[in-house]
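Undergrad: any chance you can model this:
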Amino acid sequence: SVNKMSFKYEDVENIYKKIKSMKQKGKNADYIPDLQIVNPNIYAISVCNIKGEIMNFGDYRTEVGIESTSKVFTLALALNMYSIKKLISHVGDKDETREFNSIKDVLEIKNHTINSFVNAGAMATTSLLYDKTKSNDTNEKAMNKIILENMEDFAGRTLKVNEHLYLSEYKTSHHNQLLIDKLVSYRRFYGDPQTVLKSYTKQCSVMVTSKDIAVMAATLANNGTNPITHNKLVNEEKVEYIVDHMAQHGLYNESEQWWESTHFPVKSGVGGVIMIVIPGVMGIGIVSPPLNKYGNSFKGVETGKLLANIPIY
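TA: Model prediction:
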């Protein structure tokens, strides 16, 4: 039997060329000043299989903010500290009915936190890393450190926080602040609000390339073992919970449509990242900053749909 390991180089190259020349229908995120000015023509595809073999196309060395794609890795971190049962009871895995930062969902959906991928639930997930026995200052340093190191373990290289992007996001995070206030009133938030908001915003401001995202995704595809460094980062059962979360909630209100057309577990970020996990086979990283009406990378989503139609050899 043939070992199904990856796509054919030519097949991905053809998709890359096709989408690259496509008329751009999206636009950069405009509510974060730093994202608005990112070059909209950046476009890259990287594929990493579970043997650690990588193929790259386009601007795969260009870094962008990881944004909401980081939620996947902070969920992994929380799951390494607590049980799946605790994550379900403290955060949950309900479907959102509105946009990813909806206050109405927080008010109306019974568990209030929704799931670990909408902003409210993602911040609640990050708040689980807060140690109540320590000062806010100590917590902030410790949380920033473990969140970044965990992402580095997944990427298999040193990553950095873009401080300028962080400040740009932090200064415009009033909406997230409102979400946290609501969660606190429902007792669905587990750390000091300001400290957690800073760490959460910092986690979104880590810079990554499409190649990093492909390796990070391949680590999940490979049952939690990084195919490059061979370090085991999460156990199988917890990987399954993470990948299920991606399948259900990865693209916000576009999740269902995407799942029907691809059957690929996915997570997006408003910096233009699309991360795809094909369990047991490979991880895919796509980067293109302009977003569609759902807040997902326009070209990234189109690329993913085409990749779903080519054979895996």
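Undergrad: name the SS class of the residue nearest to E152 when sequence neighbours are not counted, please.
TA: Among residues not flanking E152 along the chain, L159 sits closest, at 5.2 Å (CB to CB, 6 or more residues apart in numbering). Where C-beta positions appear, they are placed from N, C-alpha and C, glycine not excepted. Secondary structure assignment for L159 (DSSP: H, G, I helix; E, B strand; the rest coil): coil.
Undergrad: ok, L159 - contacts?
TA: 148, 151-152, 206-208, 212 (CB atoms under 8 Å, 6 or more residues apart in numbering).
Undergrad: let's see that with 7 Å instead.
TA: Each residue near L159 by CB atoms under 7 Å, 6 or more residues apart in numbering is listed here: 148, 151-152, 206-208.
Undergrad: ok, and the most crowded of those?
TA: Highest neighbour count within those, by other CB atoms under 10 Å: V208, with 29 neighbours.
Undergrad: distance of that residue from K20?
TA: Separation of V208 from K20 (CB to CB, to the nearest Å): 20 Å.
Undergrad: over to H164?
TA: For H164, the distance to K20 equals 28 Å [CB to CB].
Undergrad: who's more crowded, the two?
TA: Neighbour totals were compared for H164 and K20, and K20 leads with 16 against 11 (other CB under 10 Å).
Undergrad: give the closest residue to that one in space, chain neighbours not counted.
TA: K20 sits nearest to Y43 (CB to CB, 6+ apart), 5.5 Å away.
Undergrad: for this structure, which residues score under the pLDDT cut-off?
TA: Low-confidence segments of the chain (pLDDT under 70): 1-4.
Undergrad: SS state for the residue positioned nearest the centre of it?
TA: Geometric centre of the chain, nearest residue: T69, 1.3 Å, by CA atoms, centre = their mean. Three-state call for T69 (three-state DSSP): helix.
Undergrad: nearest residue to it in space, please, no chain neighbours.
TA: G269 (3.8 Å).
Undergrad: the chain: strands as residue ranges?
TA: 44-49, 54-58, 64-65, 207-208, 266-269, 273-278, 282-287 (DSSP state E).
Undergrad: as JSON lines, the ones you listed with distance to Y252 would be great.
TA: What follows is these, written out as JSON lines (distance: least, CB to CB, whole Å):
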{"stretch": "strand 44-49", "distance to Y252": "22"}
{"stretch": "strand 54-58", "distance to Y252": "25"}
{"stretch": "strand 64-65", "distance to Y252": "17"}
{"stretch": "strand 207-208", "distance to Y252": "20"}
{"stretch": "strand 266-269", "distance to Y252": "8"}
{"stretch": "strand 273-278", "distance to Y252": "12"}
{"stretch": "strand 282-287", "distance to Y252": "17"}
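Undergrad: I88 is nearest to which of these?
TA: Nearest to I88, of all the strands of the chain, is strand 266-269, at 18.8 Å by CB to CB.
Undergrad: can you map out the helices along this structure?
TA: With DSSP state H as the criterion, the chain has helices at 9-20, 33-36, 70-81, 84-90, 103-108, 119-127, 136-155, 163-170, 174-185, 193-204, 210-221, 236-249, 255-262, 298-307.
Undergrad: export the ones you listed to a markdown table and append columns for distance to T97.
TA: Below are the helices of the chain laid out as a markdown table (distance: least, CB to CB, whole Å):
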| stretch | distance to T97 |
| --- | --- |
| helix 9-20 | 31 |
| helix 33-36 | 26 |
| helix 70-81 | 19 |
| helix 84-90 | 19 |
| helix 103-108 | 6 |
| helix 119-127 | 13 |
| helix 136-155 | 29 |
| helix 163-170 | 25 |
| helix 174-185 | 16 |
| helix 193-204 | 23 |
| helix 210-221 | 27 |
| helix 236-249 | 12 |
| helix 255-262 | 12 |
| helix 298-307 | 21 |
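Undergrad: and I50, which of those is closest to it?
TA: Closest approach to I50 among those (CB to CB): helix 210-221, 5.6 Å.
Undergrad: understood, closing this out.
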